[in-house]
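Asker: I need the structure of the sequence given here:
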Amino acid sequence: MYYTAGVFLVIVPLMWFHLPESVSWLVSKNRMDEARAVSQRYAVDFDAIVAELQEQRDLAQGAESAGGYRAVVSQRYWLATVMFIAASMLINIVIYGLNTWLPEIMRSAGYSLGSALQFMLVMQIGTLIGLVGWSALADRFTPRRVIAPAYFLGFLALVVMSFNLPTGLLMLTIGIAGIGTVGANVMTYGFIGAFYPVALRGTALGVAIGLGRFGSILGPMLGAWVLNADLGTKWSFASFAIPTLVLVVVTLLIPKSPAEKADQAAPVPERAAA
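Answerer: Predicted coordinates for the structure are as follows:
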């Protein structure tokens with residue numbers, strides 16, 4: 001496992017020197033020649049991106065000029081920023097809690113260590129499926145429409161896992177839990193990136209992910225407390241199902257971005273007469 005992880009020490013420098021910046025970012029920095037070259041190389045609509053960025057600047061109404069951190073907590077964005085921080089914290093509670101304690105939870109339910117580790121492997125396979133599947137759906141339907149149903153699927157799986165299921169069905173349910181929790185987490189980052197203007201995306205991601213990391217501390221602590229309290233397998237899974245349900249509510253409370261409001265308010269062009 002450590003040798004496999006070490007491969008990325010070689011890959012990261014290659015990415016640094018060979019992967020280009022996004023066209024949107026280059027345009028936002030007024031590096032137009034580089035932006036045109038990248039857009040031609042990857043068949044990206046350069047004129048559409050320039051128009052979109054200009055629209056974002058008009059909608060921002062000077063919020064970006066306040067500076068990165070001040071802008072993401074300004075009146076225009078503060079509620080969304082709070083919701084994204086809460087979502088990041090809640091999903092980290094679930095991710096790190098399950099990754100830390102799932103084998104022990106399954107052992108307390110009467111499974112051998114080998115079987116408990118197999119359950120962990122199945123959850124990670126579900127995670128990989130979720131990472132790819134939810135990303136594809138978010139590209140097609142936007143992250144806003146997909147993220148709440150994805151986390152709700154994870155909540156249902158965690159609830160079902162608390163029952164005494166046959167081993168095969170339990171394996172399947174754990175895989176679905178991986179799809180709907182850890183695998184769905186990638187959409188949170190995509191949602192943040194799509195919500196904020198280009199000039200604020202890095203700052204917003206840093207704030208949400210950085211403060212959300214408190215959940216990676218709380219998750220293992222929560223799992224340890226439930227196991228030490230000897231509340232049983234049902235409460236072990238319920239302790240992570242409840243934050244997942246709250247996470248669903250939080251994602252539904254994220255307000256519309258200025259760009260979404262502008263699109264919603266734009267008049268629908270009349271159809272030409274037949």
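Asker: which stretches of the stretch 1-150 of the chain have low pLDDT?
Answerer: For the stretch 1-150 of the chain, applying pLDDT under 70 flags the ranges 55-67.
Asker: show me where it has strands.
Answerer: Counting by DSSP state E, counting those that start in this stretch, the stretch 1-150 of the chain forms no strands at all.
Asker: Let me see the backbone angles for Met220.
Answerer: Quick fix: residue 220 is Pro, not Met. Backbone dihedrals for Pro220, given as degrees, to the nearest 10, come out at phi -60, psi -30.
Asker: if I look at it, how far off is Ala116?
Answerer: In this structure, Pro220 and Ala116 are 17 Å apart, going by CB to CB, to the nearest Å. Bear in mind the C-beta positions are built from the backbone N, C-alpha and C, glycine included.
Asker: quick check: mean pLDDT across the helix or strand containing Trp225?
Answerer: Take DSSP states H and E as the rule and Trp225 turns out to sit in helix 214-228. Per-residue pLDDT values over helix 214-228 give a mean of 92.
Asker: Let me see the contact set for Val82.
Answerer: Going by CB atoms under 8 Å, 6 or more residues apart in numbering, Val82 touches no other residue.
Asker: With Val73 as the reference, measure out to it.
Answerer: Counting by CB to CB, the gap from Val82 to Val73 is 8 Å.
Asker: repeat for Gly210
Answerer: With CB to CB as the criterion, Gly210 and Val73 are 14 Å apart.
Asker: Looking at the two now, which is surrounded by more residues?
Answerer: Using other CB atoms under 10 Å as the criterion, Gly210 and Val73 rank with Val73 on top: 15 against 11.
Asker: How about that one: what's its closest non-neighbour residue?
Answerer: Once flanking residues are discounted, Val73 sits nearest to Thr81: 5.8 Å by CB to CB, 6 or more residues apart in numbering.
Asker: Pull the contacting residues for that neighbour.
Answerer: Contacts of Thr81 were listed using CB under 8 Å, 6+ apart, and they are 72-73, 204, 207-208.
Asker: Pull the residues that contact whichever helix or strand Ile174 is part of.
Answerer: When secondary structure is defined using DSSP H and E, the element that contains Ile174 is helix 167-180. Surrounding helix 167-180, the residues in contact under the criterion CB under 8 Å, 6+ apart are 98, 102, 115, 118-119, 122-127, 129-130, 133-134, 150-158, 160-161, 165, 244.
Asker: In the stretch 151-274 of the chain, what residue spans correspond to helices?
Answerer: Counting by DSSP state H, counting those that start in this stretch, the stretch 151-274 of the chain forms helices over residues 167-180, 185-195, 198-212, 214-228, 233-253, 258-265, given from the N-terminal end onward.
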